[in-house]
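>>> task: produce atomic coordinates for the following.
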Amino acid sequence: MTYFGARTRQLREHLRQNDRRYSLRQVAHRVGVEPAYLSKIERGVAAPPSEATTVRLARELGEDPDVFLAMAGKVSSELQAIIRKRPKLFADLIRRLRDAPDEAIFRVVRVVRDGEW
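Numbering: from 1, shown residues only. Sure, this is the predicted structure:
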């Protein structure tokens, strides 16, 4: 079982405890896939779905789409487009942040978000 599949099932089953609308069949229908396919994803028999389906599944389960895409081993097409504009700079930034503590990364995000150049 893959981490993506296991986490998907864990989230869906947790929601189903309080709401029958989170049965495998109903979630699959709302996300736009066959129940058998969603079952295979959850069991790790099938690879994670496309970007669009992964995003729909994340939203259905109340998860952050970027986090869900990362668990699926994917990067959103939006982020890919941003990186393609300055690949060298983003590659260098990500490599330098690889071992940085979370607080350092949060500081970088705050500076960029707040525009404090």
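
>>> Val27: what's it in contact with?
Shown in contact with Val27 (C-beta atoms under 8 Å, 6 or more residues apart in numbering): Arg12, Arg21, Leu38, Leu57, Glu60, Leu61. For the C-beta atoms, the positions are set from N, CA and C on the backbone; glycine is no exception.

>>> again, only using 10 Å
Contact analysis of Val27 by C-beta atoms under 10 Å, 6 or more residues apart in numbering lists 8, 11-12, 15-16, 21, 33, 35, 38, 42, 56-57, 60-61.

>>> helix, strand, or coil at Ala100?
When classified by DSSP: H, G, I helix; E, B strand; the rest coil, Ala100 comes out as coil.

>>> avg pLDDT for stretch 18-35?
Across stretch 18-35, pLDDT averages out at 98.

>>> using PDB, write out every CA atom in it.
Written as PDB, here are the backbone C-alpha positions of stretch 18-35 (Å, rounded to 0.1, in the frame of the first residue of the first chain):
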ATOM      1  CA  ASN A  18     -19.800  10.400  11.000                       C
ATOM      2  CA  ASP A  19     -21.200  10.800   7.500                       C
ATOM      3  CA  ARG A  20     -22.300   7.900   5.200                       C
ATOM      4  CA  ARG A  21     -21.700  10.200   2.100                       C
ATOM      5  CA  TYR A  22     -18.000   9.200   2.400                       C
ATOM      6  CA  SER A  23     -18.500   5.600   1.400                       C
ATOM      7  CA  LEU A  24     -16.100   4.500  -1.300                       C
ATOM      8  CA  ARG A  25     -18.800   4.400  -3.900                       C
ATOM      9  CA  GLN A  26     -20.200   7.900  -3.200                       C
ATOM     10  CA  VAL A  27     -16.700   9.600  -3.000                       C
ATOM     11  CA  ALA A  28     -15.700   7.900  -6.200                       C
ATOM     12  CA  HIS A  29     -18.900   9.200  -7.900                       C
ATOM     13  CA  ARG A  30     -18.400  12.800  -6.700                       C
ATOM     14  CA  VAL A  31     -14.700  12.700  -7.700                       C
ATOM     15  CA  GLY A  32     -15.500  11.300 -11.100                       C
ATOM     16  CA  VAL A  33     -13.900   7.900 -11.000                       C
ATOM     17  CA  GLU A  34     -15.100   4.300 -10.800                       C
ATOM     18  CA  PRO A  35     -15.400   2.900  -7.300                       C
END
